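**Q** quick one: sequence and predicted model below, then my questions.
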Amino acid sequence: MIEFEDVAYAYSGDALLSGLSLTMAPGSFHFLTGPSGSGKTTFLKLCYGALRASGGQVRLFGQPVETLDRDRVAYARRRIGVVHQDCQFLDHLPVIENIALPLTVTGQASPDQNANLTELMTWVGLTGREAALPPELSGGERQRAALARALILSPEVILADEPTGNVDWEMSQRLLRLLIELNRMGKTVMIATHDLMLIRAAKAQVQARVLRIAGGTLQTAGADL
Amino acid sequence: MILPRLDILKGALRRDAGADRVVPPAGFTVRLTLFTAAAMAFLAVFALALSLAAGRLADTWGEDLARASTIRISAPPGQRDSQTTAALRVLAQTPGVASARALTPDEQRALLEPWFGPGLPLEGLPVPQLIEVVEGGDGFDADGLRLRLQAEVPAAVLDDHTRWRRPLVVAAGRLRLLGWVSLGLIVAATGAMVTLAANAALAANAQVIAVLRLVGATDGYIASAFVRRFTVRTLTGAAIGAALAVVALLLLPGAQEAGGFLTGLRFEGWGWLVPLLLPPLSALVAYLATEAAARRVLEDLA
Ligand SMILES: Nc1ncnc2c1ncn2[C@@H]1O[C@H](COP(=O)(O)OP(=O)(O)OP(=O)(O)O)[C@@H](O)[C@H]1O
Ligand SMILES: [Mg+2]
């Protein structure tokens, strides 16, 4: 699905990441951890083509990212559901329209999407909040709305950046269960988090690989987790 | 519980007909763009009217010029014919005169008809005989001719009033050109204004653009959201402005005698259709300007 081959990344000259190699196989489940500022978000942005590697090669669905023009990146992004760390929405549109936004921008909005949307809203526990505007949502509600939006196009890959950053333990367990359920449905999942408790809880339920970014490189975390 | 929810959804989908919805509404910019487009179209209609009127004036005066000057023979009926013959002889010898011809009584009657009505008995009236002089080459020396006529045909008066119109024809032609230049400037200013407004809107919506990109929107889709909005606004504004200007032109008092040019500032015949072209033209300019601005900003934000 997504492959890294000796990838390096530097923000305006300062080398941040280097020598990253990784293959995310279809249906795999990855955790990405590491100290704050180590480059987890940067890594995910490389995964969905928002940033381009300054060295090495990133391949999305077999295609080297550097060979894709912006339209092709946009098409690739429709196969990758992203839950942003800061969950950006269109603040002038109600939650339901924000969640349906990927359908709108890909020209797939249709009258029979209602049933799917209702089901999805129930699944992420946002029933009754459809008409609310994003600024009116709590942190946890935002994160669930962002997850729903990431899932609406039935993407093959789900990248979630700190999806449990703003929620209590109960809610983070619920979100984790949602992501594990998606993985069982065959989706490739990567979750960036520094919540080690969450990783432990997940490892009890799913075959997950834990990666750690430290000192600019990627390591496979040991059995200490 | 389920029914109201479905209604929200239905409403949301119905309203979501176009890409414009994904860009937040901006009331103030909307009104500014509308106002500027309207003002520009209003001015453009006047520039157009000015050009067309100046053009008509230049054409009419130009025709008059080409036509010629006249010589008037005001003599008692007994001497009229001999003086006319004498004047024609002088004219035949004057360099720069292509032809000269005494008007027939019928032609003279036709000239006077607007004032005296048809069937005027010219013979009984001391109406001067008119000679039509058509210039050739570089024209004749009017002062010289006048002196010679004074000496040889005292009853003849040379009226070369059309000659002093020559600079007026040039001025009218210039005015027409200025009108077209103004129109071009107005169209360019509309483009510049839309570019500024679109740039501001795009910059203010960098966050929206980021969200749209995140969910897989192509540059074309994002651009269209802005382009449609500015095109529609400009079209609406220009239509309002052009309509107001046409009304203003129609309300100009139609004082024909009070002088050609002022009342000439309007459209004639098919010319009234010309203002109809302004809103689509403005919309096209807005479309191109926004498209270019959007491509540029999206390139920068990539
Ligand atoms: N657009 C940018 N320009 C320059 N530097 C940046 C930019 N974005 C991030 N950085 C820097 O790159 C480093 C890694 O940032 P990144 O957001 O990837 O870290 P992170 O691991 O996600 O941190 P956190 O756990 O706090 O979210 C940080 O030092 C950050 O300051
Ligand atoms: Mg981060």
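**A** Alright, I've got the coordinates. Ligands and ions are numbered 1, 2, ... in the order given.

**Q** residue contacts, B:A238?
**A** Residues near B:A238 by C-beta atoms under 8 Å, 6 or more residues apart in numbering or on different chains: B:A37, B:A38, B:M40, B:A41, B:T190, B:L278, B:P279, B:L281, B:S282, B:A283. (Each C-beta comes from the backbone N, C-alpha and C, glycine too.)

**Q** in helices only, show me those.
**A** B:A37, B:A38, B:M40, B:A41, B:T190, B:L278, B:P279, B:L281, B:S282, B:A283 (DSSP state H).

**Q** for the closest residue to the third one other than its chain neighbours, give me the pLDDT.
**A** Same thing as B:M40. Ranked by C-beta to C-beta, 6 or more residues apart in numbering or on different chains and with sequence neighbours excluded, the top spatial neighbour of B:M40 is B:T190, at 4.7 Å. Per-residue confidence at B:T190 stands at 93 (pLDDT).

**Q** repeat that for B:S282.
**A** At B:S282, pLDDT is 93.

**Q** isn't it right next to B:F42, touching?
**A** No: applying C-beta atoms under 8 Å as the test, B:S282 and B:F42 come out as separate, 11.3 Å apart.

**Q** who has more neighbours out of these two?
**A** For B:S282 and B:F42, the more surrounded residue by other C-beta atoms under 10 Å in any protein chain shown is B:S282, and the numbers stand at 29 against 23.

**Q** now do the contacts for the residue positioned nearest the centre of chain A.
**A** By C-alpha atoms, centre = their mean, chain A has its centre lying nearest to A:L159, at 1.9 Å. Contact analysis of A:L159 by C-beta under 8 Å, 6+ apart lists A:L44, A:C47, A:Y48, A:I80, A:G81, A:V82, A:V83, A:M190, A:A192.

**Q** for it, helix, strand, or coil?
**A** Following DSSP: H, G, I helix; E, B strand; the rest coil, the label given to A:L159 is strand.

**Q** kindly report the same for the one 4 residues further on.
**A** Three states are possible here, and by three-state DSSP the one that applies to A:P163 is coil.

**Q** backbone dihedrals for the closest residue to B:P25 other than its chain neighbours, please?
**A** Spatial nearest neighbour of B:P25, excluding adjacent residues (C-beta to C-beta, 6+ apart): A:H92 at 7.0 Å. A:H92 adopts backbone torsions of phi -90, psi -10, taken as degrees, to the nearest 10.

**Q** what does B:P118 give?
**A** phi -70, psi 160.

**Q** ligand 1 contacts on chain A?
**A** Residues of chain A found near ligand 1 (C-beta under 6 Å from any ligand atom) are A:Y11, A:L16, A:G34, A:S36, A:G37, A:S38, A:G39, A:K40, A:T41, A:T42, A:Q85, A:H194.

**Q** least confident of those residues?
**A** Ranked by pLDDT, the residues of chain A next to ligand 1 bottom out at A:Q85 (82).

**Q** name the SS class of that one, please.
**A** Classified using three-state DSSP, A:Q85 is coil.

**Q** let me see the contact set for it.
**A** Residues in contact with A:Q85 (C-beta under 8 Å, 6+ apart) are A:T41, A:D161, A:E162, A:G165, A:A192.

**Q** just to check, the first one is in contact with A:A192?
**A** Yes: contact between A:T41 and A:A192 holds when scored by C-beta under 8 Å: they sit 6.9 Å apart.

**Q** between those two, which one's more packed in?
**A** A:A192 (25 against 18).

**Q** quick check: bridge partners of that one?
**A** Per DSSP bridges, the residues bridged to A:A192 are A:L32, A:D161.

**Q** quick one on the thing from earlier: take the contacts of A:L159 and lay them out in JSON lines including pLDDT.
**A** Below are the contacts of A:L159 laid out as JSON lines (pLDDT from 0 to 100):
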{"residue": "A:L44", "pLDDT": "93"}
{"residue": "A:C47", "pLDDT": "92"}
{"residue": "A:Y48", "pLDDT": "91"}
{"residue": "A:I80", "pLDDT": "94"}
{"residue": "A:G81", "pLDDT": "92"}
{"residue": "A:V82", "pLDDT": "92"}
{"residue": "A:V83", "pLDDT": "91"}
{"residue": "A:M190", "pLDDT": "95"}
{"residue": "A:A192", "pLDDT": "94"}
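
**Q** out of the residues you listed, flag the one nearest to A:L120.
**A** A:L120 has its nearest neighbour among the contacts of A:L159 in A:G81, at 11.8 Å by C-beta to C-beta.

**Q** within the sheet, what are the partner strands of the helix or strand the closest one falls within, with directions?
**A** Using DSSP states H and E, A:G81 maps to strand A:80-83. Applying DSSP bridges, strand A:80-83 is found paired with strand A:157-161 (parallel).

**Q** does ligand 2 have contacts with the helix or strand harbouring A:A15?
**A** If you go by DSSP H and E, A:A15 is part of strand A:14-24. No: Strand A:14-24 lies out of reach of ligand 2 by C-beta under 5 Å from the ion, never closer than 12.1 Å.

**Q** for that strand, packing partners?
**A** Packing partners of strand A:14-24 (3 or more C-beta pairs under 8 Å, 6 or more residues apart in numbering or on different chains; DSSP states H and E): strand A:2-11, helix A:40-47, strand A:55-60, strand A:217-220.

**Q** just confirm yes or no for the second one near chain B.
**A** What it means is helix A:40-47. No: no part of helix A:40-47 sits close enough to chain B to count as contact by C-beta under 8 Å from any C-beta of the partner chain; the gap is at least 10.3 Å.

**Q** in terms of secondary structure, what does that helix contact?
**A** Short answer (3+ C-beta pairs under 8 Å, 6+ apart): helix A:40-47 packs on strand A:2-11, strand A:14-24, strand A:29-33, strand A:55-60, strand A:157-161, strand A:188-192.
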